[in-house]
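> just need the structure, nothing else, for what follows:
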Amino acid sequence: HLATSLPLPSERDHLRPRIDLIVFMIDIKSKYSLKNVEASLAHVDASFFLGKVCFLVTGVGRVNACSIETNTVCKLGEAYCSPVLFCELELEGIRVTTAQRLLRMLQICAGHIPGVSALSFVSLMRNSDDD
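A predicted model of the protein is given here:
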């Protein structure tokens, strides 16, 4: 399910499926994109930041067209203890790889991978990023 911003409308709460993973998409070429994500973050329950939120930064292949510094987004990920994935959606190989990573994260967050919790997964990702 896609939403352009949060909070989600409450009139359909009873029809909404359980939310296992929230992916905030940030277009690195648009400052509005970052502002929209920052405003939406206030509407996410704090418990989701324990492994059920990630930031997906698109448009990173065009460094000269960037309106947002990658460091700004990395700091956002650190502040919310959430992973940051960078991709270029225009390149099929990277798009497919990114989709596979997101699907795997969703499987973990939904509890479909025995022995791996969303929290332990994020912990593993953070340790590999720090090396």
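
> so where is this protein shaky, pLDDT-wise?
62-65, 121-131 (pLDDT under 70).

> residue ranges of the strands in it, please?
Assigned by DSSP state E, the chain shows strands spanning 22-27, 53-58, 84-87.

> hey, which of the ones you listed is tucked in deepest?
strand 53-58 (a mean of 22; mean count of other CB atoms under 10 Å). For glycine as for every other residue, the C-beta is placed from the backbone atoms N, C-alpha and C.

> which strands and helices sit next to that one?
With contacts taken as 3 or more CB pairs under 8 Å, 6 or more residues apart in numbering; DSSP states H and E, strand 53-58 sits against strand 22-27, helix 70-79, strand 84-87, helix 92-109.

> verify the stated contact: Leu21 with Met105.
Yes: counting by CB atoms under 8 Å, Leu21 touches Met105, with 6.1 Å between them.

> looking at those two, which one has more neighbours?
Met105 (23 against 18; other CB atoms under 10 Å).

> state the distance from that one to Leu89.
Using CB to CB, to the nearest Å, one gets 17 Å for the distance from Met105 to Leu89.
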